[in-house]
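>>> Build the 3D model from these lines:
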Amino acid sequence: MSKAIRFYEIGGPEVLKLENVEVGDPGPGEVRIKHTFTAVNFIDVYYRTGFYPTALPNGLGSDAVGVVEAIGPDVTEVKVGQRVGYLMGPLGAYATERVIPARFLIPLPDEVTDRTAATLMMKGMTAQYLFRQVYPLKGGETILYHAAAGGVGLIACQWAKAMGVKMIGTVSTDEKAALAKANGCEHVIVTSRENIVDRVKEITDGVGVPVVYDSVGKDTLDASLSCLSIRGTLVSNGTSSGPVIIDAHQLALKGSLSVTRPAMAHFIQPRSHMLSMANEVFEMVKSGKIVSEPKQIYSLADAAEAHRALESRATTGATVLVP
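As a prediction, the model looks like this:
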């Protein structure tokens, strides 16, 4: 019998329940996957708490890797026995196996293990679209990146270094600061004892940075805007501390600033583009420019504990579930 995490009401981690489920045969355009690792992302918290509305009851998780067990009619993207990963699929990745449309699947190269790939689907692809598409970096820039020791952050540290970009990263503790620096972050600001704006101005000789990547949201918004140089850009790519409300007048006063709020769903279309993005991520790993492994591993049954750790900022890097 297959198992899956389900939730029947909005709430804290305690609403997540491990249940026995029936997984049927794949229909047209679908495949059945046996998961090896499922990624835990902050977007999962958004769904669980109702920040992102969804129908209930429901499963959770949209990012996992595994092996194709069966394919339905008209599937040409993958084959039985092939190792695959996916992101942005329908909710339900917190499971031992599931049926999913084949169009979401990304074949995994032999050189990238399932364990590594589990940290790359959403998190590696996020670093790719932030640095290569939303605000394309050319090399030589000095940038500000919040949550530099997080799942995306550690990959971003390495990617920035590989591109010749000087990254200023924010973290909450000295332990996280050491981790970010070990992964290539040029300057690290420990927010529990340092002022973000003062440090950025000091590092940049008062000029500020051309771009800030901010996944924290409400708590860092004012600092992020104040750290930008004239005509700088705020990439608001998350709201872990709360929603972002922008006063357009302040954008003018602070230097004719720009703000963008990207969503992954709009950057992985069409499928050919998604595969191209993934290939660039895999090439960074195969070349040794990015090394990525889970920092926390929980059993599927302990998904609630994984959420508690994530929300309390007790985690670093990527968190995964083992079915």
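
>>> Counting neighbours, which bits of stretch 89-106 end up buried?
89, 91-102, 104-106 (16 or more other C-beta atoms under 10 Å). Every C-beta, even on glycine, is put in place using the N, C-alpha and C of the backbone.

>>> so what does the longest strand along the chain touch, helix or strand wise?
Looking across the chain with DSSP state E, the single longest strand is strand 30-40. In this structure, strand 30-40 packs against strand 64-71, strand 97-101, helix 114-117, helix 303-311, strand 318-322, with contacts taken as 3 or more C-beta pairs under 8 Å, 6 or more residues apart in numbering; DSSP states H and E.

>>> And the longest one, what's buried?
In this case it means helix 303-311. Ala303, Ala304, Ala306, His307, Ala309, Leu310, Glu311.

>>> so the third one sits right up against Thr319, yeah?
This points to Ala306. Yes: using C-beta atoms under 8 Å, Ala306 is in contact with Thr319, at 5.5 Å.

>>> Can you check which residues contact both of the two?
Counting by C-beta atoms under 8 Å, 6 or more residues apart in numbering, the contacts common to Ala306 and Thr319 are Val40, Gln296, Tyr298.

>>> which residues touch stretch 265-277?
Glu77, Leu87, Met88, Arg103, Ile106, Met125, Gln128, Tyr129, Arg132, Gln133, Val134.

>>> can you dump the C-alpha coordinates of stretch 293-303 into CSV?
Provided in CSV are the C-alpha atoms of stretch 293-303 (Å, rounded to 0.1, in the frame of the first residue of the first chain):
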residue,chain,number,x,y,z
GLU,A,293,23.4,17.8,-1.0
PRO,A,294,20.5,17.8,1.4
LYS,A,295,21.4,19.3,4.8
GLN,A,296,18.3,17.8,6.6
ILE,A,297,16.7,14.5,5.8
TYR,A,298,13.4,13.4,7.4
SER,A,299,11.2,10.4,6.8
LEU,A,300,7.9,11.0,5.0
ALA,A,301,6.1,10.2,8.3
ASP,A,302,8.0,13.2,9.9
ALA,A,303,6.9,15.8,7.4
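
>>> Could I get the phi/psi values of Ile189?
With angles defined as degrees, to the nearest 10, Ile189 sits at phi -110, psi 120.

>>> How is the protein divided into domains?
According to automatic domain parsing, the chain comprises the domains 2-119+293-322, 135-264.

>>> got the ones you listed as CSV, with distance to Ser287 and mean pLDDT columns?
CSV is the format used below for those (distance: least, C-beta to C-beta, whole Å; pLDDT from 0 to 100):
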stretch, distance to Ser287, mean pLDDT
domain 2-119+293-322, 10, 96
domain 135-264, 8, 96
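
>>> I'm done for today, thanks for sticking with me.
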